[in-house]
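[1] fold the following, please.
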Amino acid sequence: MNLTTRHISRSGNVTLDRTIIEALSILKAYPTNKPLTSDILEKIDLVINSDVCLSPSFFYERDKRPSKLVVLEMVKQTELGAQMWEALHEAGALTFIERLTTKQRQSGYTSEIARILGVFALCTIGEENFADFPLPAIHAVVDFFRSDNGRRWRGELWGAGEVGFQCMREIVLALAKIRNDPALAAKSGQEREYGDLHRHTRRGWAAICNSDDPLDRELSRRYADYDQQATDKPQARQQMVLDLRAYFENVGIDGPLSEALRKKNWKPSFVDFLVERTGSVTKYIKAHAGRAQRFLDFTIRQLEEEHPGVVFHSLVTQHDIAVLKNEVESGPPKRRTTASRPLPGKLHAIAKAILDEGEAGWPGQSGFFHEWVEVNGKRQKIYCPVIPTLLRTAMDLPLRMGQLRRLDSGEGDLEMFNGDTMTWEPNTSPLAGYWKREEGRGR
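    Reported below is the predicted structural model:
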(Lines give C-alpha, C1' and ligand atoms only; values in the text may rest on other atoms or scores of the structure.)
Protein backbone atom coordinates (compact mmCIF):
# COMPACT_ATOMS: atom_id res chain seq x y z
CA MET A 1 0.00 0.00 0.00
CA ASN A 2 1.32 3.43 -0.95
CA LEU A 3 -0.27 6.44 0.76
CA THR A 4 2.80 8.65 0.39
CA THR A 5 3.32 11.54 -2.02
CA ARG A 6 5.60 9.55 -4.38
CA HIS A 7 4.97 6.62 -6.70
CA ILE A 8 6.88 3.47 -5.77
CA SER A 9 7.52 0.07 -7.32
CA ARG A 10 6.55 -3.24 -5.76
CA SER A 11 10.11 -3.52 -4.44
CA GLY A 12 9.83 -0.12 -2.75
CA ASN A 13 12.02 1.71 -5.26
CA VAL A 14 10.97 5.33 -5.88
CA THR A 15 13.01 5.51 -9.11
CA LEU A 16 10.58 4.41 -11.82
CA ASP A 17 11.18 3.42 -15.41
CA ARG A 18 11.19 6.44 -17.71
CA THR A 19 8.40 5.01 -19.88
CA ILE A 20 6.13 4.77 -16.82
CA ILE A 21 6.92 8.34 -15.79
CA GLU A 22 6.16 9.59 -19.29
CA ALA A 23 2.93 7.59 -19.43
CA LEU A 24 1.72 9.01 -16.11
CA SER A 25 2.56 12.53 -17.24
CA ILE A 26 0.60 12.07 -20.47
CA LEU A 27 -2.39 10.61 -18.63
CA LYS A 28 -2.53 13.51 -16.16
CA ALA A 29 -2.32 16.08 -18.97
CA TYR A 30 -4.96 14.45 -21.18
CA PRO A 31 -7.77 16.94 -21.97
CA THR A 32 -10.99 16.72 -19.99
CA ASN A 33 -13.98 15.10 -21.73
CA LYS A 34 -11.93 14.19 -24.81
CA PRO A 35 -12.65 10.59 -25.88
CA LEU A 36 -9.83 8.20 -25.06
CA THR A 37 -7.59 7.41 -28.01
CA SER A 38 -5.86 4.11 -28.67
CA ASP A 39 -2.58 5.70 -27.59
CA ILE A 40 -4.05 6.71 -24.22
CA LEU A 41 -5.53 3.24 -23.74
CA GLU A 42 -2.07 1.79 -24.34
CA LYS A 43 -0.61 4.14 -21.73
CA ILE A 44 -3.28 3.02 -19.24
CA ASP A 45 -2.50 -0.65 -19.95
CA LEU A 46 1.21 0.06 -19.50
CA VAL A 47 0.69 1.61 -16.05
CA ILE A 48 -1.76 -1.04 -14.85
CA ASN A 49 0.41 -3.95 -15.97
CA SER A 50 3.57 -2.49 -14.43
CA ASP A 51 4.67 -3.10 -10.85
CA VAL A 52 4.09 0.54 -9.91
CA CYS A 53 2.05 1.42 -6.84
CA LEU A 54 0.69 4.91 -7.52
CA SER A 55 0.58 7.71 -4.98
CA PRO A 56 -2.86 9.19 -4.16
CA SER A 57 -1.44 12.49 -5.40
CA PHE A 58 -1.96 11.17 -8.94
CA PHE A 59 -5.70 11.50 -8.34
CA TYR A 60 -5.79 14.43 -5.91
CA GLU A 61 -2.97 16.82 -6.73
CA ARG A 62 -4.63 20.23 -6.84
CA ASP A 63 -5.03 21.72 -10.35
CA LYS A 64 -3.34 18.66 -11.93
CA ARG A 65 -5.97 15.96 -11.65
CA PRO A 66 -6.41 13.52 -14.53
CA SER A 67 -9.66 13.64 -16.45
CA LYS A 68 -12.71 11.65 -15.41
CA LEU A 69 -12.52 9.37 -18.46
CA VAL A 70 -8.89 8.47 -17.75
CA VAL A 71 -9.60 7.68 -14.10
CA LEU A 72 -12.73 5.65 -14.91
CA GLU A 73 -10.85 3.57 -17.45
CA MET A 74 -7.93 2.97 -15.08
CA VAL A 75 -10.23 1.87 -12.25
CA LYS A 76 -12.37 -0.44 -14.37
CA GLN A 77 -9.33 -1.99 -16.06
CA THR A 78 -8.08 -3.23 -12.69
CA GLU A 79 -9.69 -6.35 -11.26
CA LEU A 80 -9.95 -4.86 -7.78
CA GLY A 81 -11.42 -1.59 -9.05
CA ALA A 82 -14.03 -3.32 -11.21
CA GLN A 83 -15.06 -5.64 -8.37
CA MET A 84 -15.33 -2.78 -5.88
CA TRP A 85 -17.44 -0.74 -8.29
CA GLU A 86 -19.82 -3.67 -8.74
CA ALA A 87 -19.97 -4.40 -5.01
CA LEU A 88 -20.73 -0.78 -4.16
CA HIS A 89 -23.44 -0.67 -6.79
CA GLU A 90 -25.07 -3.80 -5.40
CA ALA A 91 -24.86 -2.35 -1.88
CA GLY A 92 -26.75 0.76 -3.01
CA ALA A 93 -23.87 3.19 -2.58
CA LEU A 94 -24.30 4.66 -6.06
CA THR A 95 -28.09 5.03 -6.16
CA PHE A 96 -27.91 8.60 -4.87
CA ILE A 97 -26.18 9.59 -8.13
CA GLU A 98 -29.18 8.38 -10.13
CA ARG A 99 -31.42 10.77 -8.16
CA LEU A 100 -29.42 13.82 -9.22
CA THR A 101 -31.41 16.01 -11.58
CA THR A 102 -28.78 16.91 -14.20
CA LYS A 103 -26.25 14.88 -16.13
CA GLN A 104 -23.63 17.45 -15.19
CA ARG A 105 -24.06 16.75 -11.47
CA GLN A 106 -24.17 13.00 -12.09
CA SER A 107 -20.91 13.29 -14.01
CA GLY A 108 -19.23 15.21 -11.19
CA TYR A 109 -20.20 12.68 -8.53
CA THR A 110 -19.26 9.72 -10.74
CA SER A 111 -15.86 11.30 -11.32
CA GLU A 112 -15.29 11.65 -7.57
CA ILE A 113 -16.33 8.04 -6.93
CA ALA A 114 -13.78 6.93 -9.53
CA ARG A 115 -10.97 8.93 -7.90
CA ILE A 116 -11.72 7.45 -4.50
CA LEU A 117 -11.76 3.90 -5.86
CA GLY A 118 -8.56 4.72 -7.72
CA VAL A 119 -6.77 4.99 -4.38
CA PHE A 120 -8.04 1.53 -3.39
CA ALA A 121 -7.28 -0.09 -6.74
CA LEU A 122 -4.08 1.60 -7.91
CA CYS A 123 -2.36 2.65 -4.67
CA THR A 124 -2.27 -0.96 -3.44
CA ILE A 125 -0.56 -4.08 -4.80
CA GLY A 126 -0.95 -7.74 -3.93
CA GLU A 127 -4.68 -8.43 -3.74
CA GLU A 128 -6.96 -8.23 -6.76
CA ASN A 129 -9.98 -9.99 -5.26
CA PHE A 130 -12.18 -7.55 -3.35
CA ALA A 131 -13.68 -10.31 -1.21
CA ASP A 132 -10.18 -11.08 0.12
CA PHE A 133 -9.04 -7.46 0.44
CA PRO A 134 -7.88 -7.12 4.07
CA LEU A 135 -10.16 -5.12 6.34
CA PRO A 136 -7.19 -3.29 7.95
CA ALA A 137 -6.18 -2.15 4.47
CA ILE A 138 -9.68 -0.74 3.90
CA HIS A 139 -9.40 1.14 7.19
CA ALA A 140 -5.97 2.46 6.20
CA VAL A 141 -7.25 3.87 2.91
CA VAL A 142 -10.30 5.41 4.60
CA ASP A 143 -8.01 6.94 7.23
CA PHE A 144 -6.02 8.56 4.43
CA PHE A 145 -9.12 10.59 3.58
CA ARG A 146 -9.79 11.50 7.23
CA SER A 147 -8.31 14.44 9.14
CA ASP A 148 -5.53 13.81 11.64
CA ASN A 149 -7.99 13.73 14.54
CA GLY A 150 -10.25 11.34 12.60
CA ARG A 151 -13.33 13.53 13.02
CA ARG A 152 -13.71 15.00 9.55
CA TRP A 153 -12.83 14.43 5.92
CA ARG A 154 -9.68 16.12 4.66
CA GLY A 155 -10.94 19.38 3.26
CA GLU A 156 -7.77 20.06 1.28
CA LEU A 157 -8.57 17.12 -1.02
CA TRP A 158 -11.87 18.59 -2.17
CA GLY A 159 -12.04 22.15 -0.87
CA ALA A 160 -15.29 23.24 0.76
CA GLY A 161 -17.50 21.36 -1.70
CA GLU A 162 -19.84 18.66 -0.53
CA VAL A 163 -19.28 16.31 -3.50
CA GLY A 164 -16.23 14.53 -2.12
CA PHE A 165 -17.64 14.39 1.41
CA GLN A 166 -20.91 12.82 0.30
CA CYS A 167 -19.17 10.31 -1.98
CA MET A 168 -16.84 9.23 0.82
CA ARG A 169 -19.77 8.88 3.21
CA GLU A 170 -21.73 6.66 0.82
CA ILE A 171 -18.69 4.51 0.00
CA VAL A 172 -17.64 4.00 3.62
CA LEU A 173 -21.19 3.16 4.74
CA ALA A 174 -21.46 0.62 1.92
CA LEU A 175 -18.08 -0.93 2.78
CA ALA A 176 -19.13 -1.14 6.43
CA LYS A 177 -22.32 -2.89 5.35
CA ILE A 178 -20.49 -5.31 3.06
CA ARG A 179 -17.88 -6.18 5.71
CA ASN A 180 -20.30 -5.90 8.65
CA ASP A 181 -17.90 -3.56 10.43
CA PRO A 182 -19.43 -0.93 12.78
CA ALA A 183 -15.98 0.59 13.31
CA LEU A 184 -15.83 1.40 9.62
CA ALA A 185 -19.32 2.92 9.68
CA ALA A 186 -18.20 5.19 12.51
CA LYS A 187 -15.69 6.74 10.11
CA SER A 188 -18.37 7.88 7.66
CA GLY A 189 -19.35 11.04 9.51
CA GLN A 190 -18.33 14.66 9.20
CA GLU A 191 -18.30 16.22 12.65
CA ARG A 192 -19.07 19.90 12.84
CA GLU A 193 -16.21 22.23 13.66
CA TYR A 194 -17.33 24.20 16.64
CA GLY A 195 -13.77 25.40 17.17
CA ASP A 196 -13.79 28.92 15.81
CA LEU A 197 -11.16 31.42 16.85
CA HIS A 198 -12.71 32.17 20.24
CA ARG A 199 -13.12 28.69 21.64
CA HIS A 200 -9.42 27.82 21.73
CA THR A 201 -8.40 30.85 23.79
CA ARG A 202 -10.50 29.54 26.68
CA ARG A 203 -8.05 26.75 27.32
CA GLY A 204 -6.59 27.44 30.73
CA TRP A 205 -2.88 27.66 31.43
CA ALA A 206 -3.16 24.63 33.73
CA ALA A 207 -4.59 22.60 30.85
CA ILE A 208 -1.51 23.35 28.74
CA CYS A 209 0.90 22.48 31.56
CA ASN A 210 -0.86 19.19 32.41
CA SER A 211 -1.57 18.10 28.84
CA ASP A 212 -0.16 14.88 27.36
CA ASP A 213 -0.15 16.41 23.88
CA PRO A 214 3.47 16.57 22.58
CA LEU A 215 3.06 20.12 21.27
CA ASP A 216 1.56 21.32 24.56
CA ARG A 217 4.40 19.71 26.48
CA GLU A 218 7.00 21.34 24.24
CA LEU A 219 5.39 24.77 24.61
CA SER A 220 5.24 24.35 28.38
CA ARG A 221 8.89 23.25 28.55
CA ARG A 222 10.21 26.06 26.37
CA TYR A 223 8.10 28.61 28.22
CA ALA A 224 9.62 27.45 31.52
CA ASP A 225 13.08 28.16 30.08
CA TYR A 226 11.97 31.53 28.69
CA ASP A 227 10.26 32.49 31.96
CA GLN A 228 13.61 32.69 33.74
CA GLN A 229 14.72 35.68 31.66
CA ALA A 230 11.42 37.39 30.71
CA THR A 231 10.53 40.68 32.42
CA ASP A 232 6.90 41.35 31.45
CA LYS A 233 3.89 40.20 33.45
CA PRO A 234 3.60 36.38 33.79
CA GLN A 235 -0.15 36.45 33.13
CA ALA A 236 0.37 38.30 29.83
CA ARG A 237 3.11 35.86 28.79
CA GLN A 238 0.92 32.86 29.58
CA GLN A 239 -1.96 34.32 27.57
CA MET A 240 0.46 34.81 24.69
CA VAL A 241 1.36 31.09 24.75
CA LEU A 242 -2.35 30.18 24.89
CA ASP A 243 -2.95 32.35 21.83
CA LEU A 244 -0.04 30.71 20.03
CA ARG A 245 -1.55 27.31 20.78
CA ALA A 246 -4.93 28.46 19.46
CA TYR A 247 -3.21 29.74 16.33
CA PHE A 248 -1.46 26.40 15.81
CA GLU A 249 -4.83 24.63 15.86
CA ASN A 250 -6.26 27.21 13.46
CA VAL A 251 -3.59 26.67 10.79
CA GLY A 252 -3.19 22.93 11.38
CA ILE A 253 0.17 22.83 13.18
CA ASP A 254 0.26 19.71 15.35
CA GLY A 255 3.89 18.64 15.10
CA PRO A 256 7.02 19.80 16.92
CA LEU A 257 8.14 23.42 16.66
CA SER A 258 11.29 22.23 14.92
CA GLU A 259 9.07 21.33 11.96
CA ALA A 260 6.50 24.14 12.16
CA LEU A 261 9.06 26.95 12.29
CA ARG A 262 10.92 25.77 9.20
CA LYS A 263 8.08 27.10 7.04
CA LYS A 264 7.73 30.77 6.16
CA ASN A 265 4.55 32.74 5.62
CA TRP A 266 1.85 30.68 7.33
CA LYS A 267 -1.61 31.83 6.26
CA PRO A 268 -3.21 33.53 8.04
CA SER A 269 -0.30 35.07 9.89
CA PHE A 270 -0.29 35.07 13.67
CA VAL A 271 -0.86 38.84 13.68
CA ASP A 272 -3.84 38.52 11.32
CA PHE A 273 -5.18 35.79 13.59
CA LEU A 274 -5.04 38.14 16.59
CA VAL A 275 -6.61 41.03 14.70
CA GLU A 276 -9.41 38.82 13.38
CA ARG A 277 -10.60 38.12 16.91
CA THR A 278 -10.91 41.78 17.86
CA GLY A 279 -11.74 43.27 14.47
CA SER A 280 -9.26 46.12 14.93
CA VAL A 281 -5.62 46.92 15.58
CA THR A 282 -5.08 48.01 19.18
CA LYS A 283 -2.17 48.71 21.49
CA TYR A 284 -2.89 45.38 23.17
CA ILE A 285 -2.49 43.52 19.86
CA LYS A 286 0.80 45.35 19.23
CA ALA A 287 2.11 44.48 22.71
CA HIS A 288 0.89 40.89 22.44
CA ALA A 289 2.60 40.41 19.07
CA GLY A 290 5.81 41.77 20.60
CA ARG A 291 5.62 39.22 23.43
CA ALA A 292 5.13 36.42 20.92
CA GLN A 293 8.06 37.65 18.84
CA ARG A 294 10.39 37.63 21.87
CA PHE A 295 9.26 34.15 22.93
CA LEU A 296 9.61 32.77 19.41
CA ASP A 297 13.05 34.34 18.96
CA PHE A 298 14.14 32.65 22.21
CA THR A 299 12.68 29.34 21.01
CA ILE A 300 14.42 29.63 17.64
CA ARG A 301 17.77 30.15 19.36
CA GLN A 302 17.18 26.91 21.27
CA LEU A 303 16.17 25.10 18.08
CA GLU A 304 19.27 26.31 16.23
CA GLU A 305 21.42 24.79 18.96
CA GLU A 306 19.46 21.53 18.79
CA HIS A 307 19.43 21.39 14.96
CA PRO A 308 22.66 22.92 13.62
CA GLY A 309 22.45 24.14 10.04
CA VAL A 310 18.64 24.28 9.93
CA VAL A 311 16.99 27.64 9.18
CA PHE A 312 13.95 28.56 11.28
CA HIS A 313 11.48 31.41 10.79
CA SER A 314 9.53 33.32 13.41
CA LEU A 315 5.74 33.58 13.19
CA VAL A 316 6.06 37.30 14.03
CA THR A 317 8.50 39.33 11.95
CA GLN A 318 9.93 42.78 12.53
CA HIS A 319 7.86 43.92 9.55
CA ASP A 320 4.69 42.75 11.33
CA ILE A 321 5.63 44.78 14.41
CA ALA A 322 6.39 47.87 12.29
CA VAL A 323 3.03 47.66 10.52
CA LEU A 324 1.18 47.31 13.83
CA LYS A 325 3.10 50.24 15.31
CA ASN A 326 2.27 52.42 12.32
CA GLU A 327 -1.44 51.56 12.47
CA VAL A 328 -1.68 52.13 16.22
CA GLU A 329 0.14 55.47 16.12
CA SER A 330 -1.59 56.84 13.01
CA GLY A 331 -4.91 57.45 14.73
CA PRO A 332 -7.85 55.74 16.41
CA PRO A 333 -8.21 51.97 15.98
CA LYS A 334 -9.22 50.98 12.47
CA ARG A 335 -11.61 48.10 12.09
CA ARG A 336 -10.57 45.41 9.61
CA THR A 337 -14.05 43.89 9.44
CA THR A 338 -17.61 45.21 9.40
CA ALA A 339 -18.71 46.95 12.57
CA SER A 340 -21.41 44.40 13.30
CA ARG A 341 -22.17 40.78 12.56
CA PRO A 342 -25.61 39.17 12.37
CA LEU A 343 -24.30 36.26 14.45
CA PRO A 344 -21.84 36.12 17.35
CA GLY A 345 -18.44 34.77 16.40
CA LYS A 346 -19.07 31.42 18.08
CA LEU A 347 -22.38 30.81 16.27
CA HIS A 348 -20.92 32.10 13.01
CA ALA A 349 -18.46 29.17 12.80
CA ILE A 350 -21.16 26.64 13.79
CA ALA A 351 -23.60 27.97 11.16
CA LYS A 352 -20.93 27.72 8.45
CA ALA A 353 -20.18 24.12 9.39
CA ILE A 354 -23.88 23.22 9.31
CA LEU A 355 -24.44 24.80 5.89
CA ASP A 356 -21.32 23.04 4.54
CA GLU A 357 -22.93 19.66 5.32
CA GLY A 358 -25.02 20.00 2.16
CA GLU A 359 -27.61 17.46 1.13
CA ALA A 360 -26.26 14.73 3.42
CA GLY A 361 -26.51 16.99 6.49
CA TRP A 362 -29.03 19.35 8.04
CA PRO A 363 -29.74 21.45 4.91
CA GLY A 364 -30.77 18.37 2.95
CA GLN A 365 -32.44 16.46 5.79
CA SER A 366 -34.42 19.29 7.42
CA GLY A 367 -36.95 19.54 4.59
CA PHE A 368 -36.78 23.34 4.52
CA PHE A 369 -34.99 23.54 1.18
CA HIS A 370 -36.87 21.06 -1.01
CA GLU A 371 -38.77 21.98 -4.17
CA TRP A 372 -41.16 20.14 -6.49
CA VAL A 373 -39.78 19.55 -10.01
CA GLU A 374 -40.86 17.49 -12.98
CA VAL A 375 -38.47 14.71 -14.00
CA ASN A 376 -39.39 12.47 -16.95
CA GLY A 377 -43.00 13.57 -16.65
CA LYS A 378 -43.25 12.81 -12.93
CA ARG A 379 -43.29 15.30 -10.07
CA GLN A 380 -40.52 14.78 -7.55
CA LYS A 381 -39.53 16.70 -4.45
CA ILE A 382 -35.77 17.25 -4.47
CA TYR A 383 -33.24 19.17 -2.43
CA CYS A 384 -32.57 22.65 -3.81
CA PRO A 385 -29.21 24.07 -2.64
CA VAL A 386 -29.89 27.66 -3.74
CA ILE A 387 -30.93 29.16 -0.38
CA PRO A 388 -28.29 27.28 1.70
CA THR A 389 -25.65 28.37 -0.81
CA LEU A 390 -26.88 31.96 -0.64
CA LEU A 391 -26.69 31.94 3.15
CA ARG A 392 -23.25 30.30 3.08
CA THR A 393 -21.98 32.85 0.56
CA ALA A 394 -23.12 35.70 2.80
CA MET A 395 -20.77 34.41 5.50
CA ASP A 396 -17.70 34.79 3.31
CA LEU A 397 -18.41 37.73 0.99
CA PRO A 398 -18.67 41.22 2.52
CA LEU A 399 -22.04 41.79 0.82
CA ARG A 400 -25.49 42.51 2.15
CA MET A 401 -28.30 40.15 1.20
CA GLY A 402 -29.69 42.72 -1.22
CA GLN A 403 -26.36 42.75 -3.05
CA LEU A 404 -26.22 38.95 -3.14
CA ARG A 405 -29.59 38.81 -4.86
CA ARG A 406 -28.09 40.74 -7.76
CA LEU A 407 -25.44 38.10 -8.39
CA ASP A 408 -26.02 36.11 -11.56
CA SER A 409 -26.37 32.38 -10.89
CA GLY A 410 -25.38 31.46 -14.44
CA GLU A 411 -28.43 29.22 -14.89
CA GLY A 412 -29.50 31.11 -18.00
CA ASP A 413 -26.11 30.98 -19.71
CA LEU A 414 -25.29 28.76 -22.65
CA GLU A 415 -22.28 27.33 -20.85
CA MET A 416 -21.60 26.57 -17.19
CA PHE A 417 -18.30 26.13 -15.40
CA ASN A 418 -17.76 22.64 -13.97
CA GLY A 419 -15.79 23.01 -10.75
CA ASP A 420 -14.96 19.29 -10.70
CA THR A 421 -13.31 19.23 -14.12
CA MET A 422 -12.29 22.93 -14.13
CA THR A 423 -13.74 23.39 -17.64
CA TRP A 424 -16.64 25.15 -19.32
CA GLU A 425 -19.37 22.75 -20.44
CA PRO A 426 -22.75 23.09 -22.20
CA ASN A 427 -25.49 24.16 -19.79
CA THR A 428 -28.16 21.44 -19.69
CA SER A 429 -30.49 23.13 -17.18
CA PRO A 430 -34.07 24.11 -18.18
CA LEU A 431 -33.13 27.82 -18.15
CA ALA A 432 -30.17 27.45 -20.51
CA GLY A 433 -30.13 30.15 -23.19
CA TYR A 434 -32.44 32.50 -21.27
CA TRP A 435 -30.29 35.59 -21.82
CA LYS A 436 -29.80 34.83 -25.48
CA ARG A 437 -33.56 34.57 -25.96
CA GLU A 438 -34.27 37.70 -23.93
CA GLU A 439 -31.49 39.94 -25.17
CA GLY A 440 -30.42 38.28 -28.38
CA ARG A 441 -26.89 37.67 -27.21
CA GLY A 442 -25.01 34.62 -25.99
CA ARG A 443 -23.32 34.33 -22.61
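
[2] how far away is the closest residue in space to Asp420 that isn't next to it in sequence from Ile321?
    In this structure, Asp420 finds its nearest non-sequential neighbour in Gly108, 4.0 Å apart by Cβ to Cβ, 6 or more residues apart in numbering. For the C-beta atoms, the positions are set from N, CA and C on the backbone; glycine is no exception. Gly108 is 47 Å from Ile321, where distance means Cβ to Cβ, to the nearest Å.

[3] which one of those two has more residues nearby?
    Shown here are Gly108 and Ile321; by other Cβ atoms under 10 Å, Gly108 has more neighbours (21 against 16).

[4] in the host helix or strand of that one, what counts as buried?
    Secondary structure from DSSP states H and E places Gly108 in helix 103-122. Buried positions in helix 103-122, judged by neighbour count with 16 or more other Cβ atoms under 10 Å: 104-105, 107-122.

[5] His313 is in contact with Lys264, correct?
    Yes. Applying Cβ atoms under 8 Å, one finds Lys264 in contact with His313, separated by 4.6 Å.

[6] these two: who's more crowded?
    For Lys264 versus His313, the count of surrounding residues by other Cβ under 10 Å is larger for His313: 14 against 11.

[7] so who does the more buried one touch?
    With contact taken as Cβ atoms under 8 Å, 6 or more residues apart in numbering, His313 is in contact with Leu261, Arg262, Lys263, Lys264.

[8] tell me the secondary structure at it.
    Per DSSP: H, G, I helix; E, B strand; the rest coil, the secondary structure class of His313 is coil.

[9] please, where are all the helices along the stretch 301-443 of the chain?
    Secondary structure of the stretch 301-443 of the chain by DSSP state H, counting those that start in this stretch: the helices cover 318-329, 345-356, 362-365, 386-394, 401-404, 434-439.

[10] quick check: which ranges of the stretch 51-200 of the chain have low pLDDT?
    Judged by pLDDT under 70, the stretch 51-200 of the chain has its weakly predicted residues at 63, 101, 149, 159-161, 191-200.

[11] now the stretch 251-400 of the chain
    278-279, 329-346, 398-400.

[12] quick check: domain ranges of the protein?
    As assigned by the TED database, the chain contains the domains 8-187, 205-330, 342-408, 409-442.

[13] what's the spacing between the helix holding Gly108 and its chain's center?
    Relative to the chain's own centre, helix 103-122 is displaced by 17 Å; criterion: Cα atoms, centre = their mean, to the nearest Å.

[14] which elements pack onto that helix?
    If you count contacts as 3 or more Cβ pairs under 8 Å, 6 or more residues apart in numbering; DSSP states H and E, helix 103-122 packs onto helix 57-60, helix 68-77, helix 79-90, helix 95-98, helix 135-145, helix 163-179, strand 415-418.

[15] check what contacts the first one and list those residues.
    The contact list for helix 57-60, computed with Cβ under 8 Å, 6+ apart, reads Thr5, His7, Leu24, Lys28, Arg65, Pro66, Val71, Arg115, Gly118, Val119, Leu122, Leu157.

[16] same thing but 6 Å
    Applying Cβ atoms under 6 Å, 6 or more residues apart in numbering, the external contacts of helix 57-60 come out as Thr5, Arg115, Gly118, Leu157.

[17] the nearest residue to the second one once chain neighbours are set aside: neighbour count?
    With Cβ to Cβ, 6+ apart as the criterion, Arg115 has its nearest non-adjacent residue at 4.4 Å, and that residue is Phe59. Here the number of neighbours of Phe59 (other Cβ under 10 Å) works out to 23.

[18] and Glu425, by the same measure?
    Counted by other Cβ under 10 Å, the residues lying close to Glu425 total 15.

[19] what sits against it?
    Asn418.

[20] what bridges to it?
    Met416 (DSSP bridges).

[21] distance of it from Gly364?
    Taking Cβ to Cβ, one finds Glu425 at 24 Å from Gly364.

[22] closest to Ser11 out of the helices of the stretch 301-443 of the chain?
    helix 345-356 (42.6 Å; Cβ to Cβ).

[23] give the other helices and strands that the closest one contacts.
    With contacts taken as 3 or more Cβ pairs under 6 Å, 6 or more residues apart in numbering; DSSP states H and E, helix 345-356 sits against helix 386-394.

[24] roughly how far apart are the residue nearest to Asp420 and Thr4?
    From Gly108 across to Thr4, the span is 28 Å (Cβ to Cβ).

[25] same check, this time on Arg151
    23 Å.

[26] follow-up on the earlier one: looking at the contacts of His313, which one is closest to His139?
    Of all those, His139 sits closest to Lys263, with 30.4 Å by Cβ to Cβ.

[27] please name the nearest non-neighbouring residue to that closest one.
    Computed as Cβ to Cβ, 6+ apart, the closest residue to Lys263 that is not its neighbour in sequence is His313, at 6.9 Å.

[28] dihedrals phi and psi, the residue nearest the centre of the chain?
    Residue closest to the average C-alpha location in the chain (Cα atoms, centre = their mean): Gly155, at 1.6 Å. The phi and psi torsions at Gly155 (degrees, to the nearest 10) take the values phi -60, psi -30.

[29] kindly check the end-to-end length of stretch 85-100 for me.
    End-to-end distance for stretch 85-100, by Cα to Cα, to the nearest Å: 19 Å.

[30] now do stretch 178-187
    15 Å.

[31] likewise for stretch 52-70?
    One end of stretch 52-70 to the other measures 17 Å (Cα to Cα).

[32] one more: stretch 365-378?
    22 Å.

[33] next one: that stretch to chain centre, how far?
    29 Å.

[34] ok, residues contacting that stretch?
    Pro363, Arg379, Gln380, Lys381, Ile382, Tyr383, Cys384, Ile387, Pro388.

[35] what residues are up against Pro50?
    Rather than Pro, residue 50 is Ser. Residues near Ser50 by Cβ under 6 Å, 6+ apart: Ile20.

[36] ok, the residue nearest to Asp420 touching Thr421?
    No. Using Cβ atoms under 6 Å, Gly108 is not in contact with Thr421; the gap is 7.6 Å.

[37] hey, what's in contact with both of the two?
    By Cβ under 6 Å, 6+ apart, no residue touches both Gly108 and Thr421.

[38] how close does Phe248 sit to Leu27?
    38 Å.

[39] swap that for Asn180, please
    With Cβ to Cβ as the criterion, Asn180 and Leu27 are 36 Å apart.

[40] the more surrounded of those two?
    Leu27 (21 against 9).

[41] mind listing what's buried in the helix or strand where the more buried one lies?
    Applying DSSP H and E as the criterion places Leu27 in helix 18-29. Buried residues in helix 18-29, counting neighbours by 16+ other Cβ under 10 Å, are found at Ile20, Ala23, Leu24, Leu27.

[42] and these as a markdown table, adding distance to Asn129?
    Shown next, in a markdown table, are the buried residues of helix 18-29 (distance: Cβ to Cβ, whole Å):
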| residue | distance to Asn129 |
| --- | --- |
| Ile20 | 25 |
| Ala23 | 26 |
| Leu24 | 26 |
| Leu27 | 26 |
